[in-house]
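1. just a sequence and a predicted model for now, questions to come.
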Amino acid sequence: MQQTTLAAAIAAALTWQGSALADSNVDARLLRLEERLEFLEKRVEAQAVVIQSRDQRIAELEAEVGQDGQTAGDWRPGLELGGLLELEASHYRPFRGDSTSDLAVATAELDLSARVNDWVSGDVSLLYEEDETDLEVDVASVSVGPEDGPWQLQAGRFYLPFGVFETHMVSDPLTLEIGETRETAVLASLSTGGLSAVVYAFNGTNDTGKDRIDNWGAALTYGTSIDRFGINGTLGYINDIGDSDSIQDSLTRNRLQSRVPGWAASGLIESGPFTLIGEYVTATRAFRGPLWRLSAVSVDPAERPMVDLDWSLEPAELGYCYQGARPAAWNLEAAYGFALAGKSASLALGYQGSAEALALELPRRRLITTLSVEVLDGTALSLEWAHDRDYDRRDGGTGRSADTVTTQLAVEF
C-alpha cells in the first residue's frame with residue numbers, strides 16, 4: 001500500500017514539473033515574440049520617417065520645376081548635343097592629268113542647341129572639312145518665338161533659305177555649289193497649315209560701294225499629302241546671288257558694279273519607298289563682262305601741256321566665253337529605299353547639269369549614283385560613282401569626261 005502511494009506521489013510530482021516546464025517555455029516564446037514585434041514596430045516607424053522626408057523633397061522639387069522642365073533659379077538651359085563625322089576614301093580621274101586617290105575627314109561637325117525658355121533658343125555649330133574648311137564657327141544664331149508656334153524671328157550667322165539642296169548622294173548637288181549662302185542676317189518666318197514664308201535681310205559680302213544692310217531675300221514653301229503621295233515645293237529669291245559662297249570664291253573683282261539677283265525652285269515627291277527630287281538655281285541676268293577703260297594721264301605742264309590716254313582691260317566679274325556669265329544649275333534625282341540583309345538601305349540615281357558655270361569649276365553634266373546602307377544605328381556606309389562631262393573646248397573647257405568613286409563612312413550622333 002505504501003509503495004502504491006509513493007508511486008502515485010512521484011507521478012504527480014513529475015506531472016506538475018512537466019507542466020511547469022511547459023508553461024515556462026511558452027512564457028519565454030511569448031516574451032521573444034513581444035521583443036520581435038517591438039523591434040519591427042520601431043523599424044517601420046523609422047522607415048515611415050524616411051519615406052515622409054523623401055515625399056516632402058519630391059514635392060518641393062516638383063514645385064521648383066517649371067513647365068519647360070528647367071529648375072527655377074537654375075541658369076543652365078536644356079541642352080542638346082549632336083554631331084556628324086564623315087570619313088571618305090576617293091579615287092579621281094580628272095579631265096586632264098593623272099588619276100589621284102585620297103583619304104580625308106570630309107566632315108567633322110559638332111552641333112549645340114539650347115532651349116533657354118519657352119520663347120528663346122540658341123544654336124551653335126562647329127565645322128571642319130579637311131583641305132576645305134579650317135575649324136570654325138559655322139552657325140551661331142538665336143531664335144525668338146513660341147516653341148512649335150506659327151512665327152519665329154532668327155538672328156545670327158546661318159545658311160540663308162535660298163535653295164533646298166536635298167539629296168541622297170555623298171557629293172553635294174551642283175545647285176548647292178551655285179546657291180549656298182551663309183551670312184549674318186535677321187530672318188522672320190510665318191507658317192500656317194502647309195504654307196510657310198520667310199523673309200530675311202543682311203549686309204552682303206560684295207563691295208558695291210555701300211556698307212549697309214540692303215541685301216534681302218524671301219522664300220515660300222508649301223507641303224501637302226494627296227492619297228499616298230507627299231508633296232513639297234519651295235520657291236526662293238535673293239537680290240544678290242553673288243553673295244553665295246562658291247561665287248564669292250570665284251569672283252575676279254571684289255567690287256561689283258551692281259547686284260545680280262537669283263531664283264531657286266525645288267520640288268520633292270514621296271510615295272512609299274520612292275522619292276523624286278528636282279531643283280533649279282539661276283542668276284536672273286549676267287554678271288558684268290570684261291571692260292575696256294580709257295584713263296587720262298596729265299603730263300607736267302612745265303614741260304609740255306598735254307594729256308596721255310591709256311587703255312586698260314578689266315576682267316569680267318564672273319566670266320564665260322569672253323563675256324559676263326549667267327550661272328545656273330539643276331538637279332534631278334530618284335531614290336528607292338529598301339532592306340538589304342536586314343538593314344535599311346537606299347539606292348539613288350541623279351542627273352545634274354550647269355550652264356555658264358565654268359568659272360565655278362563645275363562640270364557641264366553629271367551622272368551620279370549612290371548606294372547607302374545603315375550598317376548600325378547612326379552609322380551608314382555609302383558607295384558613290386560620279387561621271388562628269390566638261391564644257392566644250394569652244395567654251396573654254398576640255399570637252400573631256402572625269403570619274404570619281406567615293407566610299408564614305410558616316411556617323412551621326
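-> Sure, I can see it. Numbers count the residues shown, from 1 in each chain.

2. just the element for the closest residue to residue 144 other than its chain neighbours, please.
-> With sequence-adjacent residues excluded and distances taken as CB to CB, 6 or more residues apart in numbering, residue 144 is closest to residue 153, at 4.6 Å. For the C-beta atoms, the positions are set from N, CA and C on the backbone; glycine is no exception. Counting by DSSP states H and E, the element that carries residue 153 is strand 151-159.

3. now do that strand: which elements does it pack against?
-> strand 133-144, strand 182-192 (3 or more CB pairs under 8 Å, 6 or more residues apart in numbering; DSSP states H and E).

4. how about that strand: buried residues?
-> 152, 154, 156-159 (16 or more other CB atoms under 10 Å).

5. how about the most centrally placed residue in the chain, what does it touch?
-> Taking CA atoms, centre = their mean, the centroid of the chain lies closest to residue 111, which sits 7.8 Å from it. Residue 111 is in contact with 81-84, 123-125, counting by CB atoms under 8 Å, 6 or more residues apart in numbering.

6. please pick the buried ones from those.
-> Using 16+ other CB under 10 Å, the buried members of the contacts of residue 111 are 84, 123-125.

7. and the helices in the stretch 51-200 of the chain, which stretches?
-> 174-179 (DSSP state H, counting those that start in this stretch).

8. where does it dip in pLDDT?
-> Applying pLDDT under 70 to the stretch 51-200 of the chain flags residues 53, 57, 60-77.

9. and the strands in it?
-> Ranges of strands in the stretch 51-200 of the chain, per DSSP state E, counting those that start in this stretch, are 78-93, 100-115, 120-129, 133-144, 151-159, 182-192, 195-202.

10. what is the neighbour count of residue 186?
-> When counting by other CB atoms under 10 Å, one arrives at 14 neighbours for residue 186.

11. ok, now residue 382?
-> 22.

12. check contacts around it.
-> 170, 370-373, 406-408, 410.

13. go ahead and confirm the residue nearest to residue 144 touches residue 145.
-> Yes. At 6.0 Å, residue 153 counts as touching residue 145 under the criterion of CB atoms under 8 Å.

14. and the strands of the stretch 51-200 of the chain as JSON lines, adding distance to residue 259?
-> Putting the strands of the stretch 51-200 of the chain into JSON lines (distance: least, CB to CB, whole Å) gives the following:
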{"stretch": "strand 78-93", "distance to residue 259": "34"}
{"stretch": "strand 100-115", "distance to residue 259": "31"}
{"stretch": "strand 120-129", "distance to residue 259": "28"}
{"stretch": "strand 133-144", "distance to residue 259": "24"}
{"stretch": "strand 151-159", "distance to residue 259": "19"}
{"stretch": "strand 182-192", "distance to residue 259": "14"}
{"stretch": "strand 195-202", "distance to residue 259": "12"}
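
15. was I right about residue 325 contacting residue 290?
-> No. The criterion here is CB under 8 Å, and residue 325 misses it with residue 290 at 11.5 Å.

16. higher neighbour count, those two?
-> Taking neighbours as other CB under 10 Å, residue 325 and residue 290 compare with residue 325 leading, 25 against 14.

17. related to what we said a few turns ago, which residues do residue 325 and residue 290 both contact?
-> By CB under 8 Å, 6+ apart, the residues touching both residue 325 and residue 290 are 316, 319.

18. before we move on, back to that, which one of the buried ones among the contacts of residue 111 is nearest to residue 377?
-> Nearest to residue 377 out of those is residue 84 (CB to CB; 14.5 Å).

19. spatially nearest residue to that closest one (excluding sequence neighbours)?
-> Closest to residue 84 by CB to CB, 6+ apart is residue 109, at 4.4 Å.

20. quick one, strands of the stretch 201-350 of the chain?
-> 215-226, 229-238, 262-271, 274-283, 291-298, 307-314, 319-320, 323-324, 328-340, 343-355.
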